[in-house]
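Chemist: got a predicted structure here, sequence first:
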Amino acid sequence: MSKKLLIRDLTLRDGQQSLFATRMTQQQIDRVLPLYREAGFYAMEVWGGAVPDSVMRYMNENPWHRLEKIKESLGDSTKLTALSRGRNLFGYNPYPDDVIEGFNRNAIKSGISIMRIFDALNDTDNIGSTIKSVKENGGIADCAICYTVDPYFSKFKKLKALLQARPIPNHIFTDQYYIDKALKLQEMGADMISIKDMAGLIPPLRAGRLISLLKKNLNIPVDFHTHCTPGYGLASTLMAIVNGADIVDTNITSFSGGTAASAYEIIQLFCDRMNIDTGVNPLVVNKIDAKLREIRLELAEYDQYKEFPKEFNIVTDKLPKDIEELFELAIAYAKADKEDDLLSTCSRIESYFNFPEPDARVKEAEIPGGMYSNMLVQLKQLKLEKLLQRTLEIIPSVRMDAGCPPLVTPTSQIVGVQAVNCAIDESKGVPPYTTKSIQFVNLVKGIYGKTPVNIDPDFRYKIAGVTDEVPYDTKFYKRQENPVFHEYGGVKLAADEKEELLLELFPVVAGDFLKRKVEQAYLDEIHKVEEEKRAIFEAEKHAYEQLSPEEKQQRLIDGLYHYDWTSEEGSEILGHS
């Protein structure tokens, strides 16, 4: 009897977001949905993350309509998954429970089965309200723990801090840290636990050890999620499978590798050799990949790699003998915990399939690729690219000052922006934190939640003007206005609860999107009325032309005037009754 492994496909959300800036249109997605219906994936991540923002901002599409169309097409053939940042939902701001409940209720009603919930601080208090509302509305609560590593400090910096009687905390993100978080989330009602490694920083041995420990300590399924950015992705996913993961996250080949997750096809080749049943139909996946290749060509301007992975049908194509041996070796190395050999072997496999080379900068800096690129963009805009290296050196100190948050959206961007600010302050000869973002102030203040390491009260006072942590208070939340447009017939900007939620979660982007929608609806109504008038006009003109001269004359005598067919517009009414 073969073992079972479930596959969550990330292609239509995480895949396109990682590689193509979330630019797939509804029309492009519609082209692959009939095939996905037959593919047999346990789940498909199709919503959340950057999708709602991007479809409004760049495609002028309604995010709810996208989800509903996907659900309509796929039916119950697979479970649809969305990504939510717990109390922050999609943005940088915490939301009150009624907004969180409204979002989850409507998401599940529109087709979501599994809500993957994470908090950027791994603060379980920020996840509780989402777990509750997801389960009350019939959804599955997938609680994710963000994987991260301790900040790196040189021996000199550690010694200096020790001499100043301010030793740098270490051994923060231990195995026990993750076990304790998982047990707490299980106690809170989690239906499954995910290790969420969006930066791809988890090496194979750590991945295998964590999965093994979670399986021993939990009685709910465990999902493993990572990316390939620094080169660990494939090897770590294989280690997770060998050590008993219930679910792993993959993308279809054309949307995999690089900053995205590993390819399903490669994972399937490993599973075939280990007698593991994924339940996925590889023939159908091959057809999906063919369509995705066409779509990737259409997304070329957003494609950061340009070069495509090798075309390979895992059902009909044969691997060269030396590559076949690499798969067997990788499995043996994974089972023997030989990390270096495993990484080297998986790297050769990825090279054969023409996946992007690992990003050494991200691996060395131990930060997410998106955080790295955003800092570089920020410095380029200021013509201060020369400060990038110094910014990277400052990140560990900024992160530790702020309570050592995991580097995942939004904390990765908050820490990254502040590190840039500190590097610029230093270059100007002014003290660090002279320039600080409001998000960094709120992070240090406690608005985002409890940080993994306690923040020094003196530092908190310096940054936020308070010594004690100030948690988020819903009484300060102010709902977005929903104005009435009298010039467009007295309609509201947001017409229903779903649109009101868009306005709450994406005030600027949704505001612009909904206004365009109102304007277009008004123009469409005017056009409709004009078309109706035109149809009446044509019908009456035709009826008049069928009259005899005597009947036309009689109409004039009876006072039944007719249209002036000779007028310049051809529609001027002289009189009619």
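Modeler: Cool, got the structure. Quantities reported herein were computed from a predicted structural model and do not represent experimental measurements. Residues are numbered from 1 along each chain as shown.
Chemist: burial count for the residue nearest to M371 when sequence neighbours are not counted?
Modeler: Leaving out its chain neighbours, the residue that sits closest to M371 by CB to CB, 6 or more residues apart in numbering is S412, at 4.2 Å. In short, each C-beta sits where N, CA and C put it, glycine included. Per other CB atoms under 10 Å, the neighbour tally for S412 reads 26.
Chemist: name the element S412 belongs to?
Modeler: helix 411-427 (DSSP states H and E).
Chemist: picking that back up, need the pLDDT of the residue nearest to M371.
Modeler: Per-residue confidence (pLDDT) for S412: 89.
Chemist: ok, now which ones touch it?
Modeler: Going by CB atoms under 8 Å, 6 or more residues apart in numbering, S412 touches 120, 199, 367-368, 370-371.
Chemist: do the same with Q186
Modeler: 193, 218-220.
Chemist: now, the most widely separated pair of these?
Modeler: I193 and N219 (10.6 Å; CB to CB).
Chemist: the closest residue to P96 other than its chain neighbours and L201: what is the separation?
Modeler: In this structure, P96 finds its nearest non-sequential neighbour in T474, 4.1 Å apart by CB to CB, 6+ apart. The spacing between T474 and L201, counted by CB to CB, to the nearest Å, is 34 Å.
Chemist: more neighbours, these two?
Modeler: More crowded of T474 and L201, by other CB under 10 Å: L201, with 22 against 11.
Chemist: SS state for the more buried one?
Modeler: Secondary structure state of L201, per DSSP: H, G, I helix; E, B strand; the rest coil, is coil.
Chemist: export stretch 220-230 as CSV, just CAs?
Modeler: Presented in CSV, the C-alpha positions along stretch 220-230 are these (Å, rounded to 0.1, in the frame of the first residue of the first chain):
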residue,chain,number,x,y,z
ILE,A,220,-3.6,17.7,12.9
PRO,A,221,-2.0,17.7,9.4
VAL,A,222,1.2,19.5,8.7
ASP,A,223,1.9,21.5,5.5
PHE,A,224,5.3,22.6,4.3
HIS,A,225,5.7,25.8,2.3
THR,A,226,9.0,27.2,1.0
HIS,A,227,10.6,29.0,-1.9
CYS,A,228,13.6,28.4,-4.1
THR,A,229,15.2,31.8,-3.9
PRO,A,230,18.5,31.0,-2.1
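Chemist: wait, which of the contacts of Q186 is closest to V484?
Modeler: Distances from V484 to these, taken as CB to CB, are shortest for I193 (45.9 Å).
Chemist: and the residue lying closest to the closest one once chain neighbours are set aside, its phi and psi?
Modeler: For I193, ignoring the flanking residues on the chain, the nearest one in space by CB to CB, 6+ apart is A182 at 4.8 Å. With angles defined as degrees, to the nearest 10, A182 sits at phi -60, psi -40.
Chemist: over to the one 3 residues further on?
Modeler: When quoted as degrees, to the nearest 10, the phi and psi of L185 stand at phi -70, psi -40.
Chemist: right, and it touches I145 too?
Modeler: Yes - applying CB atoms under 8 Å, one finds L185 in contact with I145, separated by 7.4 Å.
Chemist: shared neighbours of these two, anything?
Modeler: Common contacts of L185 and I145 (CB under 8 Å, 6+ apart): I193.
Chemist: ok, F20 to L299 distance?
Modeler: From F20 over to L299 (counting by CB to CB), the distance is 5 Å.
Chemist: those two - which one has more neighbours?
Modeler: Just comparing F20 and L299: by other CB under 10 Å the higher neighbour count belongs to F20, 21 against 18.
Chemist: for that one, what are its contacts?
Modeler: Counted by CB under 8 Å, 6+ apart, F20 has contacts 255, 296, 299, 302-303.
Chemist: so which of the residues you listed is the most crowded?
Modeler: If you rank the contacts of F20 by neighbour count (other CB under 10 Å), F255 sits at the top with 32 neighbours.
Chemist: residues in contact with that one?
Modeler: 11, 15-16, 19-20, 292, 296.
Chemist: and stretch 276-293, how far out from the chain middle?
Modeler: With CA atoms, centre = their mean, to the nearest Å as the basis, stretch 276-293 stands 22 Å off its chain's centre.
Chemist: contacts for that stretch?
Modeler: 2-7, 11, 31-32, 35-36, 38-42, 241, 252-255, 264-265, 267-268, 270-271, 308, 311, 313-315.
Chemist: out of those, list just those in strands.
Modeler: Taking DSSP state E, the ones among the contacts of stretch 276-293 that sit in strands are 3-4, 6-7.
Chemist: by neighbours, which of the residues you listed wins?
Modeler: Most surrounded of the ones in strands among the contacts of stretch 276-293: other CB under 10 Å gives I7, at 23 neighbours.
Chemist: report the beta-bridge partners for that one.
Modeler: V248 (DSSP bridges).
Chemist: show me the shaky parts of the stretch 51-200 of the chain.
Modeler: 91, 154-156, 158-167 (pLDDT under 70).
Chemist: now the strands: where do they sit in it?
Modeler: Under the criterion DSSP state E, counting those that start in this stretch, the stretch 51-200 of the chain contains strands at 79-84, 112-117, 140-146, 192-197.
Chemist: output those strands as JSON lines; include the columns distance to K321 and mean neighbour count.
Modeler: JSON lines is the format used below for those (distance: least, CB to CB, whole Å; neighbours: other CB atoms under 10 Å):
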{"stretch": "strand 79-84", "distance to K321": "39", "mean neighbour count": "24"}
{"stretch": "strand 112-117", "distance to K321": "40", "mean neighbour count": "25"}
{"stretch": "strand 140-146", "distance to K321": "40", "mean neighbour count": "26"}
{"stretch": "strand 192-197", "distance to K321": "33", "mean neighbour count": "25"}
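Chemist: adding distance to T391, write those strands out as TSV.
Modeler: Converted to TSV, those look like this (distance: least, CB to CB, whole Å):
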stretch	distance to T391
strand 79-84	28
strand 112-117	31
strand 140-146	22
strand 192-197	23
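Chemist: circling back to that earlier point, quick one: the residue nearest to I193 from L214, how far?
Modeler: With the distance defined as CB to CB, A182 ends up 6 Å from L214.
Chemist: more neighbours, those two?
Modeler: In this view A182 and L214 are compared by other CB under 10 Å, and L214 has more residues nearby, 28 against 23.
Chemist: ok, the more buried one - contacts?
Modeler: L214 touches 178-179, 182, 193, 195, 222, counting by CB under 8 Å, 6+ apart.
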